[in-house]
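> sequence first, predicted coordinates after that:
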Amino acid sequence: MGQEIGQTHFDEDTFREYERRLFHETEVLWTELSEGRFSDIGEIGGYELESWLIDHNFFPAPINQAFLGRLNNPLVVPELSRFNVELNGEPLPLQRDVLSAMTREMNQNWQQCQEVAHEMDSVLMMIGILPTVRQSDLCLANMSDLKRYRALNEQVLTRRAGRPLRIHIDGRERLNINHPDVMLEAATTSFQLHLQSGQRDAVRYFNASLIAAGPLIAAAGNSPLLFDADLWDETRISLFEQSVEIGDQSDQGNRRVSFGHGYARESVFECFADNLSTHSVLLPILMDTPPNQFAHLRLHNGTIWRWVRPLIGFDPDGTPHLRIEQRVLPAGPTIADMMANAALYFGLARFLASLSEAPETGFSFDKARNNFYAAARDGLHAKLTWLDGSAIDARTLLLEEILPMARHGLKTLEIDPDDIDHYLDIMESRIKSGQTGSAWQRAYREKNRADSLHLVAAYLERQRSGAPVHEWEI
């Protein structure tokens, strides 16, 4: 979905030709994977950070086109709405001082973005869902001026025969709304982590990332509020799953946004084969590229938003590689918090993927999926099932099992010991205090009887300090 397109309307012949090319590229992928032609370079990490542009009244500022033009940084790109942008990190080997290096890069780009935003009487903010966003902000007039987004909206609505999207979320409170387009997706901003592994390890890392998703999101919630309703710890999850639902699948696991419906068994090719057999083509953009560039397959995969998604990319020498996109984390509350989340993910995924007996052989996919949704709803208070079959509260599980696993995994990657201590200590302090971003938002709102404007003002003030969220005053 990151590439621009030249048209927004497609006839049946275009769909048929796209499907033919997609089928052929899927066959080529099977051949190349079967013959071991994919890269064995790993492990390499990267990230994408989606953020909000807001004005001095703390409402969304739909100025990303002018902002990006003035910024002129190729690592910062538009998102679905005019009030969102995405910061991208350079991929780095997961070794030595990589966590510090990612932090320095993110801080540098963030500071540059803030300076440009200030020149435009606005500010950048990282949070899963902006409490001041109104349903009226999420309209086509505020869609970024890119044809790929217009085409996506048109195709989703075509599949729905023009019916509005229906959003139903039961949390601490309840939200029931209809919306006429896909712009509700713009209310959900995330911190997405990428983990490239060698082809031989891709299945293990993919399955490990699914198992890790529940504990990871339990420790990182930062999206409790939507349209003044207090919903899930990570309301982002439920909202995104419903915001682009085309209604062509009754099976929850086969929605365009989902946790999926199974581990990879022999190869991550199974995910791409499932894309082909289960999900209809949304954007039939025909591209003049060789089949082994997988352009049509990669675009199709980009319109199926699994929370843990395999991706195809290319090494600097042109060799294709596999990487995992871990999409479950929200943006914010601070760079320090997000890098602590990254340390937890990279370390835990490494630990689980390196176990002599693959944990997915004894830990069912259903348990991993149930953990994910329980953690998204209830955060550190969720009851999770772990590898030995025990049911335990997320906070205890993280402190007694997950953090030691992540620490061990980072050590085997030969990450700098001081970085391991620094970032996992942030995570441990957050878990012990119970003060995630979601917990802080709720506590501040209740204690100060704060409306959304005052909540955002207080959040932004603390975010500017750079202090991790467990240190924020209420």
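Looks like it came in fine.
> only C-alpha atoms from now on, for both contacts and neighbour counts.
Fine.
> okay, R327 and A450: tell me how far apart.
R327 sits 30 Å away from A450, going by CA to CA, to the nearest Å.
> no no, I246
37 Å.
> where do the strands sit along the stretch 101-250 of the chain?
122-125, 165-170, 174-179, 191-197, 225-226, 229-230 (DSSP state E, counting those that start in this stretch).
> which of these is buried the deepest?
Highest mean neighbour count among the strands of the stretch 101-250 of the chain (mean count of other CA atoms under 10 Å): strand 191-197, with a mean of 25.
> just checking: what are the partner strands of that strand?
strand 44-55 (antiparallel), strand 320-326 (antiparallel) (DSSP bridges).
> how about residues contacting the first one?
Read it as strand 44-55. With contact meaning CA atoms under 8 Å, 6 or more residues apart in numbering, strand 44-55 is reached by 60-64, 79, 83-94, 117, 121-127, 130, 189-197, 331.
> following element in sequence after that strand, please.
helix 64-71 (DSSP states H and E).
> pull up the pairing partners for the helix or strand just after that following helix, direction included.
The C-terminal neighbour of helix 64-71 among helices and strands, as given by DSSP H and E, is strand 76-78. Sheet pairing of strand 76-78 (DSSP bridges) gives strand 84-88 (antiparallel).
> correct me, but V76 touches V85?
Yes - contact criterion CA atoms under 8 Å: V76 and V85 qualify, at 6.8 Å.
> between the two, which one's more packed in?
V85 (26 against 20; other CA atoms under 10 Å).
> contacting residues for the more buried one?
Here V85 is in contact with 50-53, 64, 76-79 (criterion: CA under 8 Å, 6+ apart).
> and which of those is nearest Q108?
Set against Q108, the nearest of these by CA to CA is V76 (12.1 Å).
> quick check: pLDDT value at the residue lying closest to that closest one once chain neighbours are set aside.
Excluding its sequence neighbours, the residue lying closest to V76 (CA to CA, 6 or more residues apart in numbering) is L87, at 4.5 Å. At L87, the pLDDT value in this model is 98.
> L87 contacts L75, doesn't it?
Yes - judged on CA under 8 Å, L87 makes contact with L75 at a distance of 5.8 Å.
> which one's more surrounded, those two?
L87 (20 against 12).
> partners of that one in the sheet?
Counting by DSSP bridges, the residues bridging with L87 are L49, V76.
> which residue ranges of the stretch 251-400 of the chain form strands?
Using DSSP E, counting those that start in this stretch, strands in the stretch 251-400 of the chain cover 257-258, 305-306, 308-314, 320-326, 383-385, 391-393.
> nearest to R236, of these?
Of the strands of the stretch 251-400 of the chain, nearest to R236 by CA to CA is strand 257-258, at 11.6 Å.
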